[in-house]
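1. fold the following, please.
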Amino acid sequence: MTNFSSTLTITDLRERDSGEYGLVFITDKGVKYLSSAGVTLTVTDLQVTHNSTQQTLTCRTSCTLTSTVQYNWHKNVQYLQKQKENMESFPLSNVEEGSYSCSVEGYGTILSLPVCEYSFVFIM
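-> Okay, here's the model as predicted:
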């Protein structure tokens with residue numbers, strides 16, 4: 001019997017990619033075989049939450065990260081700044097309008113889903 005190996009690479013990995021993955025292979029005679037061993041993949045996206053009382057945005061993940069995490073903040077997809085170690089909150093001053101997202105240094109270039117901040121002025 002001949003041994004074969006196979007690799008599945010998922011780029012831009014997101015929560016929507018979570019699920020059970022298995023291997024199906026087809027022989028040169030058209031016979032299909034389903035691998036009895038599968039793998040369950042669980043992916044959680046980064047999430048930005050807004051605290052209107054403290055005027056901060058917070059980047060959250062349910063994944064276990066190392067103790068030297070660096071958070072990157074983006075406004076309208078443009079890089080803003082690197083936060084200090086373990087600082088997952090970003091201060092907003094005078095409600096700076098825009099679409100904010102975060103990423104974690106060393107864990108790829110995927111941004112969180114954006115949170116939009118807008119100020120409204122009512123003239124009477």
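2. average pLDDT across the strand or helix carrying residue 102?
-> Assigned by DSSP states H and E, residue 102 belongs to strand 98-104. Averaging pLDDT along strand 98-104 gives 83.
3. next: stretch 75-86.
-> For stretch 75-86, mean pLDDT is 69.
4. next, count neighbours for residue 57.
-> 21 (other Cβ atoms under 10 Å). Any C-beta I mention is one placed from the backbone N, CA and C, and that applies to glycine too.
5. then the one 3 residues further on?
-> Applying other Cβ under 10 Å, we find 15 residues neighbouring residue 60.
6. mind showing which ranges of this structure have poor pLDDT?
-> Scanning the chain for pLDDT under 70 picks out 1-2, 66-67, 81-87, 93-96, 107-110, 113-124.
7. okay, the residue positioned nearest the centre of the chain and residue 3: tell me how far apart.
-> By Cα atoms, centre = their mean, the chain has its centre lying nearest to residue 45, at 3.7 Å. Residue 45 sits 37 Å away from residue 3, going by Cβ to Cβ, to the nearest Å.
8. try residue 62
-> Applying Cβ to Cβ to residue 62 and residue 3 gives a distance of 37 Å.
9. ok so, going back, quick one: contacts for the residue nearest to the centre of the chain?
-> Counting by Cβ atoms under 8 Å, 6 or more residues apart in numbering, residue 45 makes contact with 14-15, 61, 112-113.
10. noted, bye for now.
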